[in-house]
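K.L.:
what's the 3D shape of this:
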Amino acid sequence: MGSAERQYPKRAAFGVYVHWPFCLSKCPYCDFNSHVRHAPIDEERFSRAFAREIETTAARAPDRTVTSIFLGGGTPSLMQPQTVGSILDSIGKHWRVADNVEVTLEANPTSVEATRFRGYRAAGVNRVSLGVQALDDASLKALGRLHSAREALDAVAIARTAFDRYSFDLIYARPDQTPQMWADELKLAISEAAEHLSLYQLTIEEGTPFFGLHAAGKLKTPDEAVARALYDVTQEVCAHHGLPAYEISNHARSGAECQHNLVYWRGDEYAGIGPGAHGRLDIDGKRHAIATEKRPEAWLMRVEANGHGVVTDDDLNSEERADEFLLMGLRLAEGIDPKRYTALSGRALDPGRIAVLREEGAIIVDADGRLRVTKDGFPVLDAVVADLAA
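P.N.:
Numbers count the residues shown, from 1 in each chain. Sure thing, here's the model as predicted:
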């Protein structure tokens, strides 16, 4: 997985995630909370609701310094720049904001949205994440994307002029994809990506059109051996070009890691704002797992009536907190500090299980005691986590 020697800053990180739930169309592989609306969206009304939910959330979790903001979706780049500016102003009104705050906006690389990049930069966004997904037109069409490979690369070029920091996503293990095809595509991607790539293996999620096609035998994904070869190509090509994985699906040059995603993986606090957003907040000494109403219009009415759209608010017990810490933290190349697991759960990880996993080459324990999953362990990460948590 590489990059174990990186030094990560130790600070009290606090993230704010804002969910914009609307898309121009629904991709056939997507199981995210995204919705298509054919009537115009009342952005001003949604903007007021975002401000209201931010205010209510900040009252429950005051005195935080925001270190990262992530505008995700859906397709946040369908928002007008002034809507983005209004949301960022609301966050700054109710929480302190760090001088070096990372503000990421997810964008689709269509030419229409790319023209807005300078407006987002002026509104306060300083990092953009582009949903490129593939760099050949046939794959893009199969994935239900509305842009061409040329449009995607044009949008990347515009992002490069508007932002110091940008990233893009690609999906691999697509139908009929060979390791050599993927290696070539990846090299092209790295030549266009200055510092960060998110690379996701195509998964067939229940409830999506792809699920039905796959079940009917009309959509064939690579078998296990080819999928593993594609994963290995991903690690080798990225590491060779200076973008090693710092998390199982994320690759970056040293110092260019997405700070907001590190908030999740390191088990820090974050607020979830907007329809279907999730949060983890420490309130009165307890870790709260919070989620809001998924349906956009229902969320809107809840916020207007109650000041928030929260539909679940659960206290996580020590075991749940520790398991979540393990599940998220072991996705990182830096691994976890087992002492933090002990502090959360009240019990140490089983030395016997650790010894067996070390013997199998799935994990290593550093000289300072940090526990990390190895290159061979990452493809079977779920089994490693399950074994340690048992």
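
K.L.:
and the strands in the stretch 1-150 of the chain, which stretches?
P.N.:
14-20, 22-23, 35-36, 65-73, 96-107, 127-133 (DSSP state E, counting those that start in this stretch).

K.L.:
and what of the stretch 151-300 of the chain?
P.N.:
So, for the stretch 151-300 of the chain - with DSSP E, counting those that start in this stretch - the strands run 165-172, 196-201, 245-247, 250-252, 269-273, 278-283, 286-292.

K.L.:
nearest to Gly346, of those strands?
P.N.:
Among the strands of the stretch 151-300 of the chain, the nearest to Gly346 by C-beta to C-beta is strand 286-292 (14.2 Å). No exception for glycine: its C-beta is placed from N, CA and C like everyone else's.

K.L.:
got a pLDDT number for the residue nearest to Ser249 when sequence neighbours are not counted?
P.N.:
If the residues on either side of it in the chain are set aside, Ser249 comes closest to Tyr200, at 5.3 Å by C-beta to C-beta, 6 or more residues apart in numbering. If you check Tyr200, the pLDDT there is 90.

K.L.:
find the nearest non-adjacent residue to Leu349, please.
P.N.:
Pro338 (5.3 Å).

K.L.:
do you know how far that neighbour is from Arg347?
P.N.:
With distances taken as C-beta to C-beta, to the nearest Å, Pro338 is found 11 Å from Arg347.

K.L.:
out of the two, which sits in the busier spot?
P.N.:
Higher neighbour count among Pro338 and Arg347: Pro338, with 18 against 11, using other C-beta atoms under 10 Å.

K.L.:
give me the number of residues near the nearest residue in space to Gly307 that is not next to it in sequence?
P.N.:
Counting by C-beta to C-beta, 6+ apart, Thr56 is the residue found nearest to Gly307 once chain neighbours are left out, at 4.2 Å. Neighbourhood size, Thr56 [other C-beta under 10 Å]: 17.

K.L.:
try the one 4 residues further on
P.N.:
Using other C-beta under 10 Å as the criterion, Arg60 is surrounded by 16 other residues.

K.L.:
what sits against it?
P.N.:
Shown in contact with Arg60 (C-beta atoms under 8 Å, 6 or more residues apart in numbering): 281, 283.

K.L.:
from Leu230, how far out is the residue nearest to Gly307?
P.N.:
44 Å.

K.L.:
mind listing what the residue nearest to Glu195 when sequence neighbours are not counted touches?
P.N.:
Of all residues not flanking Glu195 in the chain, Ala256 sits nearest, at 3.6 Å (C-beta to C-beta, 6+ apart). Ala256 sits next to 165, 194-196 when contact means C-beta under 8 Å, 6+ apart.

K.L.:
would you turn those residues into a markdown table with neighbour count?
P.N.:
A markdown table is the format used below for the contacts of Ala256 (neighbours: other C-beta atoms under 10 Å):
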| residue | neighbour count |
| --- | --- |
| Arg165 | 17 |
| Ala194 | 16 |
| Glu195 | 19 |
| His196 | 20 |
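
K.L.:
which of those lies closest to Ile273?
P.N.:
Closest to Ile273, out of all of those and judged by C-beta to C-beta, is Arg165, at 22.1 Å.

K.L.:
Ser129 is in contact with the closest one, correct?
P.N.:
No - checked against C-beta atoms under 8 Å, the pair Arg165 and Ser129 is beyond contact range at 9.5 Å.

K.L.:
and the helices in the stretch 201-350 of the chain?
P.N.:
209-215, 224-240, 259-265, 296-306, 318-329, 338-345 (DSSP state H, counting those that start in this stretch).
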